[in-house]
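In: Requesting a structural model of the entry that follows:
(one chain, ligands or ions: 1)
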Amino acid sequence: MSGREFSARVEAISISGIREVFEAAGEDAINLGLGQPDFPAPAHARQAAVEAIEAGKADAYTGNKGIEPLREAIAAKHERDQGVAVDPGDVIATAGGSEALHLAMEAHVDAGQEVIFPDPGFVSYDALTKVAGGTPKPVPLRDDLTLDPAAVEDAITDDTAMFVVNSPGNPTGAVSPEDDVREFARIADEHDVVCLSDEVYEPFVFEGDHHSPISYADTDSVVVVNGCSKTYSMTGWRLGWVTASTRRIERMLRVHQYIQACASAPAQYAAEAALTGPQGVVGEMRETFEERRNLLLDRFSEMGVEVPTPKGAFYAMPKVPEGFVDACIDRGVIVVPGEAFGDGGAGHARLSYANDTESLREALDVMEGVLADLR
Ligand code: PLP
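Out: This is a model prediction of the structure:
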């Protein structure tokens, strides 16, 4: 009998620091910690799920990769937004972008291999690397919080399995410019490492356009993760996808079929409708996020707080004095300490402005008071 109760891989990870913050705050707190848009899911997406359920279409397992019309809609989206021809067979519908990230890690990372990702970066990159048995290799960001391709290239060793690009980024709101994205594509091609491009905030870009390495690299170099959670405000539906070359999809499918079998059938029908229906809701969300971002930047500038201008997503990372996060939480405003996203987040707080504008104004007033007291 083994004396060890749990795997070393699971002992290496812990419950996300973001959760701890929520649990510390009162019920009436204004929550600027949540990475969830404050909009309803599109009515036509909900309706499609209801119809699928009532027609009895959602009772059974779907194919492992997901229903064909959904994967066709995802392929059409790649063609429309990124100018790349994707075979619907090279897409797997997953339980959120989260499962897609997990599949990518499990299929590509061996014990002892390294995964390079942004620091500060989304919490799952570090944790899922460890779950796959790999070694996290966080790379510090530039002052404007974008990921420097030169820093990625310098971090690559013979043991590197993969590097992660996340633009627009969580927790930073940073958007990689086209030149950098072209560099990521070149690096993946030249060094024979996989570029995992996490594009779940794709439509929320306020200045310039979104660029994906998949538009510039060899088909086999890039694995794209995306989903409905952020784009269509459908976090609870748990529907994402992964797109990659045929052989990479085949390897990820091996894992997906055993851990998931298939994504939830009603959610797949809802996602198909979201992707093929009117896209106006997405533009409305982008405009609203941009207005709130501008409000936040104006107020922080008045307060004399330095904040790298977020060009996308719905996050900002102001530089804050010690004690700021705890004092905000004490006064009923939940913000997340930058360190929750890696050592590179130290000295920053992460705010999500996926909260109604009135609450955001109130929260900014509270922050102004906190700063006055701390100075
Ligand atoms: N990637 C990033 C950068 C995220 O911020 C999130 C959620 O916060 C995800 C992926 C996963 O989202 P979901 O599993 O809801 O698609």
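In: right, and residue 357 touches residue 291 too?
Out: Yes: look at residue 357 against residue 291 with CB atoms under 8 Å: they come within range, at 7.3 Å. Where C-beta positions appear, they are placed from N, C-alpha and C, glycine not excepted.
In: shaky segments in this protein?
Out: Along the chain, the parts satisfying pLDDT under 70 run over 1-3, 17-22, 24-25.
In: can you give me the strands for it?
Out: Residue ranges of the strands in the chain, as given by DSSP state E, are 30-31, 91-94, 114-119, 135-140, 160-166, 194-198, 222-227, 240-243, 315-316, 333-334, 336-337, 349-352.
In: Sheet partners, orientation included, of the fifth one?
Out: Strand partners for strand 160-166, identified by DSSP bridges, are recorded as strand 114-119 (parallel), strand 194-198 (parallel).
In: what's the longest one in contact with?
Out: In other words, strand 114-119. Residues outside strand 114-119 that contact it (CB atoms under 8 Å, 6 or more residues apart in numbering): 105, 109, 125-126, 129, 132, 134-141, 147, 152, 155-157, 159-166, 169, 172, 341-345.
In: can you narrow these to ones near the ligand?
Out: residue 166 (CB under 6 Å from any ligand atom).
In: What's the PyMOL syntax to select whichever of the contacts of strand 114-119 are buried?
Out: Burial among the contacts of strand 114-119 is assessed by 16 or more other CB atoms under 10 Å; the matching PyMOL selection reads:
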select buried, resi 105+109+125+126+129+132+134+135+136+137+138+139+141+147+152+155+156+160+161+162+163+164+165+166+169+172+341+342+344+345
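In: ok, the residue lying closest to residue 90 once chain neighbours are set aside - contacts?
Out: Ranked by CB to CB, 6 or more residues apart in numbering and with sequence neighbours excluded, the top spatial neighbour of residue 90 is residue 249, at 5.0 Å. For residue 249, the contacting residues are 65, 89-92, 242-243, by CB under 8 Å, 6+ apart.
In: for residue 52, same thing?
Out: Residue 52 makes contact with 58, 265-266, 269-270, according to CB under 8 Å, 6+ apart.
In: I'd guessed residue 74 sits against residue 92; true?
Out: No: look at residue 74 against residue 92 with CB under 8 Å: they stay out of range, at 9.7 Å.
In: Sitting in helices, which of the contacts of residue 52 do you find?
Out: Taking DSSP state H, the ones among the contacts of residue 52 that sit in helices are 265-266, 269-270.
In: how close does the residue lying closest to residue 359 once chain neighbours are set aside sit to residue 253?
Out: Spatial nearest neighbour of residue 359, excluding adjacent residues (CB to CB, 6+ apart): residue 30 at 4.8 Å. Per CB to CB, to the nearest Å, residue 30 is found 42 Å from residue 253.
In: neighbour-wise, which of the two wins?
Out: Comparing residue 30 with residue 253 by other CB atoms under 10 Å, the one with more neighbours is residue 30, at 22 against 16.
In: returning to that earlier point: now that we have the contacts of residue 52, which one has the most neighbours?
Out: Among the contacts of residue 52, the one with the most neighbours (other CB under 10 Å) is residue 270, at 29 neighbours.
In: wait, what's in contact with that one?
Out: Counting by CB under 8 Å, 6+ apart, residue 270 makes contact with 41, 45-46, 48-49, 52, 228, 234, 237, 239.
In: redo that, cut-off 10 Å
Out: 41-42, 44-52, 58, 70, 228, 232, 234, 237, 239, 264 (CB atoms under 10 Å, 6 or more residues apart in numbering).
In: Just the buried ones from those residues?
Out: Neighbour counting with 16+ other CB under 10 Å marks 41-42, 45-46, 48-49, 52, 58, 70, 228, 232, 234, 237, 239, 264 as buried within these.
In: for the ligand, what are the nearby residues on the chain?
Out: Residues of the chain lying near the ligand (CB under 6 Å from any ligand atom): 35, 96-98, 122, 166, 170, 198, 200, 227, 229, 235, 240.
In: Farthest pair within these?
Out: 166 and 235 (17.0 Å; CB to CB).
In: right, and residue 82 touches residue 199 too?
Out: Yes: using CB atoms under 10 Å, residue 82 is in contact with residue 199, at 9.2 Å.
In: Not counting residues beside it along the chain, what's closest to the residue nearest the centre of the chain?
Out: Nearest residue to the geometric centre of the chain (CA atoms, centre = their mean): residue 200, 4.9 Å. Of all residues not flanking residue 200 in the chain, residue 97 sits nearest, at 4.7 Å (CB to CB, 6+ apart).
In: tally of neighbours for that neighbour?
Out: By other CB under 10 Å, 24 other residues sit near residue 97.
In: Could I get the contacting residues of it?
Out: 122, 124, 198-200, 225-230, 238-242.
In: Let me know the closest of those to residue 326.
Out: Here the nearest of the contacts of residue 97 to residue 326, counting by CB to CB, is residue 122; it sits at 23.3 Å.
In: Setting the sequence-adjacent residues aside, check what's closest to the closest one.
Out: residue 170 (4.8 Å).
In: Ok, which of the strands paired with strand 160-166 comes nearest residue 302?
Out: Minimum separation from residue 302 across the strands paired with strand 160-166 (CB to CB) falls at strand 114-119, 29.4 Å.
In: Tell me how far residue 246 lies from the ligand.
Out: 24 Å (CB to the nearest ligand atom, to the nearest Å).
In: Could you report the separation of that residue from residue 210?
Out: Plainly put, residue 246 is 25 Å away from residue 210 if you go by CB to CB.
In: More neighbours: which of those two?
Out: Between residue 246 and residue 210, counting by other CB under 10 Å, residue 210 is the more crowded of the two (19 against 11).
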